[in-house]
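Colleague: Need coordinates for the following:
(3 chains)
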Amino acid sequence: MTILVGYLPTPEGEAAVEAGLREGALRGERVIIVNSPRRGAPVDQRRVDDAAGAALLDRARAAGVDAELRRPLHDDDLYETFEALIEETGAGLIVIGLRHRSLVGKFVLGSQAQRILMEAAVPVLTVKA
Amino acid sequence: MSVSDASDPASQADRLQAELDETRPPHAGPISQLAAALVALAVGVAGAAGSYALGLGELTQPGPGLWPFAISVVIVVLSVTLAVTGRSLEDAERFSRSSLLTAGGLVTLVLLAVLLPLIGFEIPSLLLMFVWLRWLGKESWRSSIVVSVCTVAAFYLLFVVLLQIPLPRLI
Amino acid sequence: MDLTPILNGFSVVLEPANLLYCLVGVLIGMLIGVLPGLGPGATIAILLPITYGIEPVSAIIMLAGIFYGAQYGGTITSVLLRLPGEASSVVTVFDGFALAKQGRAGTALGIAAVGSFVGGTVSIVGLSLVAPIVAGFALDFGPPEYAALGILGVLLISSVGNGNKLKAVVAACVGLLLATVGRDTFTGAERFTFGSLNLAEGLDFIPIAMGLFGLSEILYNLEERHNKVASPAKIGNVWPSRKELGEAKGAIGRGSLIGFVLGVLPGGGATLSSLAAYAFEKRRAKQPERFGRGAVEGVAAPETANNAAATSSFIPLLTLGIPANATMALIFGALLIQGIQPGPQLVTQHPDVFWGVINSMYIGNILLLVMSIPMVGVFVKILRVRAAILAPITVLITLLGAYTVRNQVYDVFLVIGFGLLGYLMKKFGFEPGPLLLAFVLGTMIESSARQALLIFGGDPTGFLTRPISGTIFALVALVAVLPLIRTAWRRKAIRKAPAEEKTS
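Modeller: Next comes the predicted model:
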């Protein structure tokens, strides 16, 4: 059973990778680091470049985990990306980072994390930065 | 003569162009090419007929129709040539499902133009923004509403309050 | 040479208000020019209404700013995203993007800005020297020469575009036909007006340009698939180091010359010159294999040349009244709207305007250099905004902008109509550029041709027997026949090639 780790270059993303790798080492399972930029803009600051991606994989190797980096695009709904990956890889766990949002912030920007928590068919492990 | 030297800047540029074109819908076939040539032909024929009716006059005393008639004849000749020789061209694009987006977008534009003098620019603009964001751009409901309201508010501030341009408006 | 008009021109341009217009022009031009899919043509078209309300010299100064800003905006996307804003910055992609991948995007952008500045300035100096001479020569031109020049201009634009030549000429003819709509100035007859009062005044340039170049581009881009998202590039230090400037020095010098000379030629001067300058640098380099892998000269040469060419293409516009490319056609239209008729009389009759235009280019160039280098980081942020959000905002700017020009909804409908026409033309492989250019020149060609016929007493051979118009018509014939010969030649070469392969 593979582990999917949602990653963005933010403290929450780092925390998620940290926890995901620990979990991967513990269970002896493969980890897929999912860095999914939003489709539509020419540039997304949340997409990691090749160098940063390689650094992430190095970290996984140091932790003794077999890891892979995927950078699929998502539209409005990030959960669909995870759903497709679960179907493809038969993953059994999602690890994501959570950030604190005020009530207004939640209303204006929405929360992809919330969608994942509510819709996911597999267990979700959330970590705070 | 080296037709395709890989390191030649010109062919390098062509390859880049071809790569950029990959984000576009696929080529259209000979029927589209023929149709385009026939439309051009129709324009030429209509132009020729219209300008003939205006009166060609003499070369010493050119009538109002002489010049448009000459151009229309050129259009007719060229579009016939195009219909005959240009069917194997690959520069036309197929209409795809995303062309429906363009059609939908056009409808909102026409709607804006119709409603503008009737009820001012605010509501039609809001509508246009929202339709483009939500259905053409597949943004979420929430961001569609937020962005369209903010944009129209910014336009109001810029056009009406700051530049004082006489746009027809509701408020 | 009398320098007073030049200096007077400077005093006009350097007025604080005009400097501000130029600055705003550069900023807005860069802002919109940086959006993928919107090249300088689209940018100028969309922004035409802002220049409408202000007085002529300020309007031209602002246009010059928009023009330079939009061009540099295209360079930014070439370097960072491998997305050239227009054909003339395609070559920049090769080494510019390679530099960006090495984390030296800043170097590429800085060198491009310096090169553009030098190329532009060299070209302006050349323009200041050459233009009055050409204009003086052209003062002898009569109606037959103008008719001939106009036809040559239209034909050249159609034949140098990258699409099918036949289609381009058809588009140009449709443009000529559209120019005849309205009241005939000679006989007073109403042509193709279908009884409409709006059409009786003829079709207006601004809505046509906005529709064909601005709106059609947005509609066309709606069908683009967005399957690529890039990580933000590290721009690094934008000010080029002394060593890099040293490496680029020769390329910038040669690029300026190549650009200036080729830019005067009607047609794709900027595109052709950027390619020529790049190829030239590559050929004379000691290690040509560095090109395409991040050679500083590979950015400097084409960027210098395309800006020099873009500037020197003002020569045929200002001295003969013949726009050399589609972008020039837009500027030509904008000048006409301001009541300025570019042509040989401009320098003698309106020296303030003539030198105002030229000097505004100096200022535009300097402001571009001063603004672009520190501001690149800001403009790059726009690339993070999704196309889905930018598209409706640009559409609203276009439509409401079109309305504000004359406060008429009719104009908005025209923009939509020509937007649809431009979209369909692009879908079927017709370029809108020749149509717009021919539309702009149409009235001039027709009236000169008819005046010429009156002069000749109805004998059309008069066009060929006058020395200058005869020469121009010979050129017209050459331009018309050349592509036919070339395709025949190519067919022969292709037929020959497989045979040769077998024998070798």
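
Colleague: the helices in the stretch 51-200 of chain C, which residues?
Modeller: C:56-81, C:90-101, C:105-138, C:143-160, C:165-179, C:197-200 (DSSP state H, counting those that start in this stretch).

Colleague: Turn those helices into a markdown table, including mean neighbour count and mean pLDDT.
Modeller: All C-beta spots, glycine's among them, are computed from the backbone N, C-alpha and C. Formatted as a markdown table, these follow (neighbours: other C-beta atoms under 10 Å in any protein chain shown; pLDDT from 0 to 100):
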| stretch | mean neighbour count | mean pLDDT |
| --- | --- | --- |
| helix C:56-81 | 28 | 87 |
| helix C:90-101 | 25 | 92 |
| helix C:105-138 | 23 | 91 |
| helix C:143-160 | 25 | 86 |
| helix C:165-179 | 26 | 94 |
| helix C:197-200 | 14 | 88 |
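
Colleague: Among those helices, which comes closest to C:Pro432?
Modeller: helix C:165-179 (7.0 Å; C-beta to C-beta).

Colleague: And that closest one, what does it pack against?
Modeller: helix B:30-54, helix B:66-85, helix C:143-160, helix C:432-455 (3 or more C-beta pairs under 8 Å, 6 or more residues apart in numbering or on different chains; DSSP states H and E).

Colleague: who in chain A is up against chain C?
Modeller: Residues of chain A found near chain C (C-beta under 8 Å from any C-beta of the partner chain) are A:37-45, A:47-49, A:52, A:73.

Colleague: repeat that with 10 Å
Modeller: A:9, A:35-53, A:71, A:73, A:75-76 (C-beta under 10 Å from any C-beta of the partner chain).

Colleague: If we check chain B, which of those are in contact?
Modeller: Answer for the residues of chain A next to chain C near chain B (C-beta under 10 Å from any C-beta): A:Arg39, A:Gly40, A:Asp75, A:Asp76.

Colleague: and those residues as CSV, adding pLDDT?
Modeller: Listed next are those as CSV, based on pLDDT from 0 to 100:
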residue, pLDDT
A:Arg39, 86
A:Gly40, 84
A:Asp75, 81
A:Asp76, 78
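
Colleague: any idea how chain B splits into domains?
Modeller: B:11-88, B:97-162 (automatic domain parsing).

Colleague: Kindly reformat the ones you listed as TSV containing mean neighbour count, distance to A:Glu29 and mean pLDDT.
Modeller: TSV is the format used below for the domains of chain B (neighbours: other C-beta atoms under 10 Å in any protein chain shown; distance: least, C-beta to C-beta, whole Å; pLDDT from 0 to 100):
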stretch	mean neighbour count	distance to A:Glu29	mean pLDDT
domain B:11-88	17	37	90
domain B:97-162	18	33	93
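
Colleague: Let me have those in a markdown table, extended by distance to C:Phe413.
Modeller: Formatted as a markdown table, the domains of chain B follow (distance: least, C-beta to C-beta, whole Å):
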| stretch | distance to C:Phe413 |
| --- | --- |
| domain B:11-88 | 20 |
| domain B:97-162 | 5 |
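
Colleague: picking that back up, going by distance to chain B, which of the ones next to chain B among the residues of chain A next to chain C wins?
Modeller: A:Asp76 (4.6 Å; C-beta to the nearest C-beta).

Colleague: list the contacts for the closest one?
Modeller: By C-beta atoms under 10 Å, 6 or more residues apart in numbering or on different chains, the residues touching A:Asp76 are A:38-40, A:110, A:112, A:115, B:134, B:137-144, C:388.

Colleague: ok, the residues you listed vs C:Gly96, which is closest?
Modeller: A:Gly40 (24.0 Å).

Colleague: How many residues are close by the closest residue to that closest one other than its chain neighbours?
Modeller: Leaving aside its sequence neighbours, A:Gly40 sits nearest to C:Arg386 (C-beta to C-beta, 6 or more residues apart in numbering or on different chains; 3.6 Å). By the criterion of other C-beta atoms under 10 Å in any protein chain shown, C:Arg386 has 21 neighbours.

Colleague: So for stretch B:154-161, first residue to last residue, what's the gap.
Modeller: Distance across stretch B:154-161, first residue to last, is 10 Å (C-alpha to C-alpha, to the nearest Å).

Colleague: swap that for stretch C:235-246, please
Modeller: Note: stretch C:235-246 ends 21 Å apart using C-alpha to C-alpha.

Colleague: So what touches that stretch?
Modeller: With C-beta under 10 Å, 6+ apart as the criterion, stretch C:235-246 contacts C:76, C:79-80, C:99-100, C:102-115, C:247-248, C:252, C:296-297, C:299-300, C:372-377, C:380.

Colleague: Within reach of chain A, which of those residues are there?
Modeller: C:Leu80, C:Gly103, C:Val380.

Colleague: among the ones next to chain B among the residues of chain A next to chain C, which are in strands?
Modeller: In strands, defined here by DSSP state E, there are no members of those.

Colleague: Okay, the nearest residue to C:Pro342 once chain neighbours are set aside and chain A: tell me how far apart.
Modeller: Once flanking residues are discounted, C:Pro342 sits nearest to C:Gly321: 4.8 Å by C-beta to C-beta, 6+ apart. Distance of C:Gly321 to chain A, computed by C-beta to the nearest C-beta, to the nearest Å: 39 Å.

Colleague: show me where chain B has strands.
Modeller: So, for chain B - with DSSP E - there are no strands.

Colleague: The stretch 151-300 of chain C now?
Modeller: Secondary structure of the stretch 151-300 of chain C, counting by DSSP state E, counting those that start in this stretch: strands at C:182-183, C:190-191.

Colleague: counting contacts, what elements does the host helix or strand of C:Ile32 pack onto?
Modeller: Under the criterion of DSSP states H and E, C:Ile32 resides in helix C:16-33. In terms of contacts (3 or more C-beta pairs under 10 Å, 6 or more residues apart in numbering or on different chains; DSSP states H and E), helix C:16-33 is packed against helix C:4-13, helix C:40-52, helix C:56-81, helix C:351-382, helix C:387-406.
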